[in-house]
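Chemist: sequence plus the predicted model coming up.
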Amino acid sequence: MGHTNPCVNQSSSNHENVAVVDFNQTCGEQCKAQLDAEFGEGNCTFVPCDVSNGDALRDAFQATVDKFGHLDIVINNAGINNEKNWEKTIQVNLTSLIKGTYLALEHMSKEYGKDGGTIINVSSMAAFLHSPHQPVYTATKHGVIGFTRAMADASSQGDYGVRINVLCPAFVDTPLLHSVEHEDNMGKFVKFKDDFKRSMTKFGVLQPSLIAEGMMRLIRDSSLNGAVMKITCSKGIHFHTYEPMSA
């Protein structure tokens with residue numbers, strides 16, 4: 001099992017620091033090396049962690065705060081696509097994201113005497129374009145949106161001082177995209193892989209750089225809280241709107 005990493009981003013008055021948290025030791029160390037080469041050593045740390053282990057995740061947050069002093073930005077980005085072991089998919093994609101959000105609030109929320117901050121939870125366009133190929137993955141991504149929007153309301157009404165938004169990319173050129181062709185990942189739903197491939201052809205595949213651009217917009221735009229950002233090949237970066245409930 002390999003998670004894409006939840007990134008814990010720290011900043012101080014003089015420079016920015018980043019903690020990369022990942023289950024995959026090799027990928028985590030490579031990411032740290034790339035950041036060190038571009039921005040100089042000492043600004044990035046790698047914390048190996050299985051995010052589905054609640055104690056390990058708590059320790060990863062604490063290790064980051066111990067190293068850099070405080071926490072400003074958390075990106076909960078860990079995700080797998082495994083319909084065969086669907087309970088693990090829920091643990092990684094939804095349960096760990098909820099835990100990550102609560103841990104982030106412990107270190108950032110004004111209710112705990114902290115200075116506020118920003119949380120970005122990563123969902124998927126699968127929450128809007130469901131597929132027979134990945135029912136549990138789809139359910140987790142629906143859950144991410146619902147949880148994030150509710151927590152954004154809680155933050156606003158509770159004066160947490162923390163903005164909480166959600167990012168929903170379409171197909172992105174990452175290793176996760178290629179896992180859907182294997183029976184070990186998809187179980188009986190692997191028979192729908194051709195449907196999945198047709199969707200990729202129809203909607204296109206995004207480059208990670210555009211996702212990073214959207215992420216930075218959510219970080220920098222202080223007016224956004226509870227926003228649901230979509231990123232697709234056809235429309236680029238845009239936001240989902242919800243009709244108000246009528247009485």
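Modeler: Done, it's in.

Chemist: phi, psi of the closest residue to residue 173 other than its chain neighbours?
Modeler: Excluding its sequence neighbours, the residue lying closest to residue 173 (Cβ to Cβ, 6 or more residues apart in numbering) is residue 205, at 5.2 Å. Where C-beta positions appear, they are placed from N, C-alpha and C, glycine not excepted. Note on residue 205: its backbone torsions stand at phi -120, psi 130 [degrees, to the nearest 10].

Chemist: what separation do you get for residue 205 and residue 166?
Modeler: As judged by Cβ to Cβ, to the nearest Å, residue 205 and residue 166 stand 21 Å apart.

Chemist: ok, residue 61 next?
Modeler: Counting by Cβ to Cβ, the gap from residue 61 to residue 166 is 20 Å.

Chemist: hang on, residue 29 packs against residue 46?
Modeler: Yes: between residue 29 and residue 46 there is a contact at 5.9 Å, judged by Cβ atoms under 8 Å.

Chemist: pick out whichever of the two has more residues nearby.
Modeler: residue 46 (21 against 14; other Cβ atoms under 10 Å).

Chemist: next up, the contacts around that one.
Modeler: 19-22, 28-29, 31-32 (Cβ atoms under 8 Å, 6 or more residues apart in numbering).

Chemist: that one is in what secondary structure piece?
Modeler: strand 44-48 (DSSP states H and E).

Chemist: hmm, back to that, enumerate every residue touching the residue nearest to residue 173.
Modeler: Counted by Cβ under 8 Å, 6+ apart, residue 205 has contacts 171-173, 177, 233.

Chemist: mind listing what's buried in stretch 182-193?
Modeler: Neighbour-count burial for stretch 182-193, with 16 or more other Cβ atoms under 10 Å as criterion, is recorded at 185-186, 189-190, 192.

Chemist: for stretch 138-153, same thing?
Modeler: Buried, per 16+ other Cβ under 10 Å, within stretch 138-153: 138-145, 147-149, 151-152.

Chemist: can you add pLDDT, secondary structure and distance to residue 241 and give those residues back as a markdown table?
Modeler: Formatted as a markdown table, these follow (pLDDT from 0 to 100; DSSP: H, G, I helix; E, B strand; the rest coil; distance: Cβ to Cβ, whole Å):
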| residue | pLDDT | secondary structure | distance to residue 241 |
| --- | --- | --- | --- |
| 138 | 96 | helix | 21 |
| 139 | 97 | helix | 23 |
| 140 | 98 | helix | 23 |
| 141 | 98 | helix | 18 |
| 142 | 97 | helix | 17 |
| 143 | 98 | helix | 20 |
| 144 | 98 | helix | 18 |
| 145 | 98 | helix | 13 |
| 147 | 98 | helix | 19 |
| 148 | 98 | helix | 16 |
| 149 | 98 | helix | 12 |
| 151 | 98 | helix | 19 |
| 152 | 98 | helix | 15 |
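
Chemist: thanks a lot, see you next time.
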